[in-house]
Structures are given as C-alpha cells and as structure tokens.
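> could you look at this predicted model? Sequence included:
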Amino acid sequence: MSNKIKSITNPKLKLEILTPADVKKIHEATLWIIEKVGVKFPSKRALDIWAENGAEVDRDRKIVRVRGDVIESALKKCPPMYPLAARDPSQDLSLDGNHVFVGTDGCGVEVIDIQTGQRRLSKLQDVADIARIADATEEIAFHWVPVSAQDKPPETRGLHEVKTIWENSTKHAQTESIYSEHEAKAALEMAAMIAGSKEALRKRPVLSLMQCTASPLGHDGGSLDAALLAAEAGIPTGFMTMAACLTTGPATLAGNLAVGNAEVIAATALLQLAHPGAPVFYAAAQTASDPRSGAYTGGGPEDFLFGAATNVLADFYNIPLSMGSFATGAKEPNWQAGVENSLSTFMASIAMSDMLLGVGFLHGSRIWSFAEMMMDCEIFSIIHKVMQGIIVDDETLALDAIAAVGPTGHFLAQKHTRQHMRDIFLCEFMDRRPYGEWENKKDDGRDWALAKARKILAEHKPEPLDPKLSREFDKIIESLENKTAA
C-alpha cells in the first residue's frame, strides 16, 4: 500500500531564534569544551581513530581532547543531504533542508493497552500494532522503534523490533535500539537483504541508526561501535543529546546547548574521520530538570527554545536534524499534552527541523498511548496548515467571486467556493459540535482518537514483507541469540 506522505515543505513562516553571533559563540564554546575538557569515548576502535588523527587520548579514563581545527575539518566532509529510503520507493524521504517529516518516538517501556485501557509493560506485539497504525496514518512519514519488546532477549531485542516494523509497514525505519557491534552487523545484513545488496543499501538506505549520548560529555561504547559499522555501510547515523538543565547540563540554556553540541559534533566528527562522507544527522532532545524534584520535565519553554535553537546549530554544520518533539510530560492525553506538544512541534517546525520525533508518548517518552498518537498527528496537521501561510495571487484574492456576490450575499453557491472549499482545514478530534449534542454525549477527542486507532488496527492490511525475507531474518536473529547464549 502506498500512502501519501505529508510534510512541511518550503514554508512561508520563518523564525530567528539565534543570531549568527550567538551561533558563533556557541560553536567556539563547543570547540573549547572538546579541546580543553574532553569527551569520553569508551571504545577501543574510537580511541584508535582519534589517536591516528592527532587527538590527545587518555586511554585509562577514555577521555579524548581534540583540537578545534580537526573537528571543523572533519565536519566539512558531512553530506548536507541524502534520502531515507523505504520498502515502498514512493515513500522515500528527502533530507534536503526543505521538508519537515514526523515519526513515532521510542523506546518506551509501557503501553496503555488499546483495548483494555490498562497500563502495562510493552512487548513485541505492541511494536507490530503501532507500526501497522503508523503505516496507515498519512502524517507519519517514518518509524522510530516506538516501544521496547521486553518479551524478547535484550541481546537481540533491537533486531526483533526492526524486523517487526518492516513486516508491518513499507515506510522508512529508524532505530535507537541497536547499540552493540553484534546487533549492528545483523541489522545491516537484514537491511541489505531488503535493499537487494550492500551496494543497493548504500544508495537506498532503508534503515537509519540513532545513538544516545551519555550526558554530560560522554558516549556508550557499544553505541559508538555500532555507529561506526553503520557509517562504514553508508547507513545514516546520528547522535542524540538529551542534556538536561540542572542535572546533566548547566542550568543556563546556552551552556546546555554547548554541552549537548560538544557531545554530538565530537561523535559526528569521529564518523567522518573513519568514513569520510558517511551520511550523518544531528539529533537532540534537550530539556530542563524540574528544580523541585530533579525530574525530567518532557515539556516547557526550555524544550520549545531548544527545539528551534538546535536546528540553527544543525544548519550551521550543514547536516540534517532529528529533533525530539511531542513526548509530553503529561500522564494522559489532556490539556497539558496539547499545550506542550503543540508548542514544541510548532517551534521545531518553524525552524525547519528535518525529522520530528515523539508522536504517541506520554510521561516524557515512557508510556505509549494510541489516542495520543492520533491526536499528535492532528497537531502536526494543524501546524502543517499554518506553515503554508497565506498565498496571495489573482486566484486567492477571489475578485470575480466577490463581484458576483456583492454586498449582503453569500459565497456558498460560487464555483470559486467549490474549487477551494477543501483548502479549509477539517479537524477530526477538535469538538465543534453544537453544545447540546456535546452535553448529551459527553465524549471528546480522546474517545474519537482511540476509536480511529482501533479501526485502523482492525482493518488496515500493510503490504507484506516477503515471507522468505522474514524467515531469513529469523535465522539471523536466532544465530546471534545462540552465540550470546554460548
């Protein structure tokens, strides 16, 4: 099945969140941090690459200090644009700086059950159900692995998850759950089989990898090794900072941006030193900790500002951005969720972030909600409409229709109205009914959103993955499970 992908393209609205002078200061501060303070790279392969390129390497502490000119030279090798391919080529996405695509988020550990409404631990069937609903949902352009398949072995869980997404959707798959060398090798083998060959995969990457940094100023060793393998294979790879003001980052927004930026561009430079020209992206989901508890907020003015500012930094380095959006801190689909997800997504969209993540999550990316998934897609649709701005030309000024109607008439019968009536946004989950009808039924958008998700899950049949490929994937996963068990 081929779905039309909705994206925000070449919008009329613009936003300047950081001046060129601001960006220069953050960049210079970032280079100072990398050279004077250092970044932790707990991977022998990564440390060897840094040593070969003249970095100061403390192998005992795994700390690397790198001159600014080495970082800047490496970043110039990053390709500014490339595609994210899909099983269905008509759903390929172009990361060219002129589109904003939205995807699911991950990797949550709990789900509000679509049938019972009860909160429970996530499992592989949830990955399948979410992928199938996302496959049928126009607003969602690509997949992140949404929830953790906790009923599968930790050593191969990420492989089970991405296999299940490919079995239930034809859209691009991006995973944040592959963080070991063994899993990465298996995932790349599976992706090459879908693409047709390793060379075909390099031209049409049907998989991309995202790795989280370990704020402040650190990385995970397995994630680094997996990222280096992916970069070697031509798989788009990004590093996401989640530095939080007060705890894993400075209290100030500028300081937090500098810490997160140091984490991301140091790792990005590593990939370019190892494999020049490898497709990479900047990823960020910075936030603030609540001063009363130290808890992750998952929403607030700091998040909204980070969402826009990080895109300016990614543009400065001329690489695509994957930005944390949505993923409200609210515990259920409510007023808080609507406010936080609308503002975070608007700020990231108006700054033209290439990839937005977070659809469907509550409680700061911990709990998946099918109703929230549907309502988040409506939020994106509203922002998509707003970003188009107002087109002013002879057709839209409608002078002929105005003259035909004249004073005190109406436009309902005009041909111009019939031609353009579908330009008006139609909501699915906003309540525009007469008060009396609402008073009688007392249902709302949460009920309608959940009903839509249930309907899609019951009726939508994705284009199946070749059963032969599924069986081959099972063999690859089983082989890795046997090795880790031995």
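That came through fine. Numbers count the residues shown, from 1 in each chain.

> going by C-alpha atoms from here, please, whenever you check contacts or count neighbours.
OK.

> in the stretch 1-150 of the chain, what spans have low per-residue confidence?
1-6, 10-14 (pLDDT under 70).

> please enumerate the helices of it.
With helices called from DSSP state H, counting those that start in this stretch, the stretch 1-150 of the chain shows them at 20-32, 44-52, 68-75, 124-136.

> before we move on, what about the stretch 301-450 of the chain?
Under DSSP H, counting those that start in this stretch, the stretch 301-450 of the chain gives helices at 301-317, 335-350, 370-387, 394-397, 399-405, 415-420, 435-441, 445-459.

> Serialize these to CSV and add fields for mean pLDDT and mean neighbour count.
Below are the helices of the stretch 301-450 of the chain laid out as CSV (pLDDT from 0 to 100; neighbours: other C-alpha atoms under 10 Å):
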stretch, mean pLDDT, mean neighbour count
helix 301-317, 93, 22
helix 335-350, 92, 22
helix 370-387, 94, 22
helix 394-397, 96, 11
helix 399-405, 97, 13
helix 415-420, 96, 12
helix 435-441, 94, 10
helix 445-459, 97, 17
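
> just send the ones you listed back as a markdown table, with distance to G294 too.
As requested, these are arranged in a markdown table below (distance: least, C-alpha to C-alpha, whole Å):
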| stretch | distance to G294 |
| --- | --- |
| helix 301-317 | 15 |
| helix 335-350 | 19 |
| helix 370-387 | 26 |
| helix 394-397 | 52 |
| helix 399-405 | 58 |
| helix 415-420 | 51 |
| helix 435-441 | 40 |
| helix 445-459 | 30 |
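
> quick one, which of these gets closest to I477.
Closest approach to I477 among these is made by helix 445-459 (26.8 Å; C-alpha to C-alpha).

> next, format the helices of the stretch 1-150 of the chain as CSV and append mean neighbour count and distance to C377.
Output for the helices of the stretch 1-150 of the chain, formatted as CSV (neighbours: other C-alpha atoms under 10 Å; distance: least, C-alpha to C-alpha, whole Å):
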stretch, mean neighbour count, distance to C377
helix 20-32, 17, 32
helix 44-52, 17, 39
helix 68-75, 17, 34
helix 124-136, 24, 10
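
> okay if I get the ones you listed as JSON lines plus distance to G300?
Below are the helices of the stretch 1-150 of the chain laid out as JSON lines (distance: least, C-alpha to C-alpha, whole Å):
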{"stretch": "helix 20-32", "distance to G300": "22"}
{"stretch": "helix 44-52", "distance to G300": "36"}
{"stretch": "helix 68-75", "distance to G300": "32"}
{"stretch": "helix 124-136", "distance to G300": "27"}
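
> what's around G389, how many residues?
11 (other C-alpha atoms under 10 Å).

> name the residue most distant from the centre of the protein?
The outermost residue of the chain relative to its centre, with distances by C-alpha atoms, centre = their mean, is P407 at 50.2 Å.

> so P462 touches N168, yeah?
Yes: counting by C-alpha atoms under 8 Å, N168 is a contact partner of P462 at 5.8 Å.

> need the overlap of contacts for these two.
Residues touching both P462 and N168 (C-alpha atoms under 8 Å, 6 or more residues apart in numbering) are R132, D135.

> that older thread, among the helices of the stretch 1-150 of the chain, which comes closest to T328?
helix 124-136 (18.2 Å).

> mind exporting the closest one as PDB, just the C-alpha atoms?
Extracted C-alpha coordinates of helix 124-136, given in PDB (Å, rounded to 0.1, in the frame of the first residue of the first chain):
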ATOM      1  CA  LEU A 124       6.800  -7.100  20.600                       C
ATOM      2  CA  GLN A 125       3.100  -7.200  19.600                       C
ATOM      3  CA  ASP A 126       2.900  -3.500  20.500                       C
ATOM      4  CA  VAL A 127       5.700  -2.700  18.100                       C
ATOM      5  CA  ALA A 128       3.700  -4.500  15.400                       C
ATOM      6  CA  ASP A 129       0.400  -2.800  16.200                       C
ATOM      7  CA  ILE A 130       2.000   0.700  16.300                       C
ATOM      8  CA  ALA A 131       3.800   0.100  13.100                       C
ATOM      9  CA  ARG A 132       0.600  -1.000  11.300                       C
ATOM     10  CA  ILE A 133      -1.300   2.000  12.500                       C
ATOM     11  CA  ALA A 134       1.500   4.300  11.600                       C
ATOM     12  CA  ASP A 135       1.700   2.700   8.100                       C
ATOM     13  CA  ALA A 136      -1.900   3.800   7.500                       C
END
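
> packing partners for it?
Helix 124-136 is packed against strand 140-144, helix 157-168, helix 445-459, with contacts defined by 3 or more C-alpha pairs under 8 Å, 6 or more residues apart in numbering; DSSP states H and E.

> among these, which is nearest D126?
helix 157-168 (9.8 Å).

> can you give me the angle that closest one makes with strand 140-144?
Direction vectors for helix 157-168 and strand 140-144, defined by axes from the mean of the first three to the mean of the last three C-alpha atoms, to 10 degrees, enclose an angle of 150 degrees.

> buried sites along the following helix or strand past helix 157-168?
Next along the chain after helix 157-168, taking DSSP states H and E as the criterion, comes strand 172-175. For strand 172-175, the neighbour count (16 or more other C-alpha atoms under 10 Å) marks H172, A173, Q174, T175 as buried.

> for whichever strand or helix holds L273, C-alpha coordinates in PDB please.
Assigned by DSSP H and E, L273 belongs to helix 253-274. C-alpha atoms of helix 253-274 as PDB (Å, rounded to 0.1, in the frame of the first residue of the first chain):
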ATOM      1  CA  LEU A 253      20.200  27.300  28.100                       C
ATOM      2  CA  ALA A 254      23.300  28.400  26.300                       C
ATOM      3  CA  GLY A 255      25.500  26.300  28.500                       C
ATOM      4  CA  ASN A 256      23.300  23.300  27.900                       C
ATOM      5  CA  LEU A 257      23.400  23.800  24.200                       C
ATOM      6  CA  ALA A 258      27.200  24.000  24.300                       C
ATOM      7  CA  VAL A 259      27.500  20.700  26.300                       C
ATOM      8  CA  GLY A 260      25.000  18.900  24.000                       C
ATOM      9  CA  ASN A 261      26.600  20.300  20.900                       C
ATOM     10  CA  ALA A 262      30.000  19.100  22.100                       C
ATOM     11  CA  GLU A 263      28.700  15.500  22.500                       C
ATOM     12  CA  VAL A 264      27.000  15.500  19.100                       C
ATOM     13  CA  ILE A 265      29.700  17.100  16.900                       C
ATOM     14  CA  ALA A 266      32.600  15.200  18.500                       C
ATOM     15  CA  ALA A 267      30.900  11.900  17.700                       C
ATOM     16  CA  THR A 268      29.900  13.100  14.200                       C
ATOM     17  CA  ALA A 269      33.500  14.100  13.600                       C
ATOM     18  CA  LEU A 270      34.600  10.700  14.600                       C
ATOM     19  CA  LEU A 271      32.400   9.100  12.000                       C
ATOM     20  CA  GLN A 272      33.800  11.400   9.300                       C
ATOM     21  CA  LEU A 273      37.400  10.700  10.300                       C
ATOM     22  CA  ALA A 274      36.700   7.000  10.000                       C
END
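
> tell me which helix or strand comes right after that helix.
strand 280-284.

> and the helix or strand just after that following strand, average pLDDT?
Note on strand 280-284: by DSSP H and E, the next helix or strand toward the C-terminus is strand 287-288. Throughout strand 287-288, pLDDT has a mean value of 90.

> neighbouring strands for strand 287-288, and are they parallel or not?
strand 244-245 (parallel) (DSSP bridges).

> which outside residues touch the strand it pairs with?
So strand 244-245 is contacted by P250, A251, T252, L253, N256, Q286, T287, A288, S289, Y296 (C-alpha under 8 Å, 6+ apart).

> all set now, cheers.
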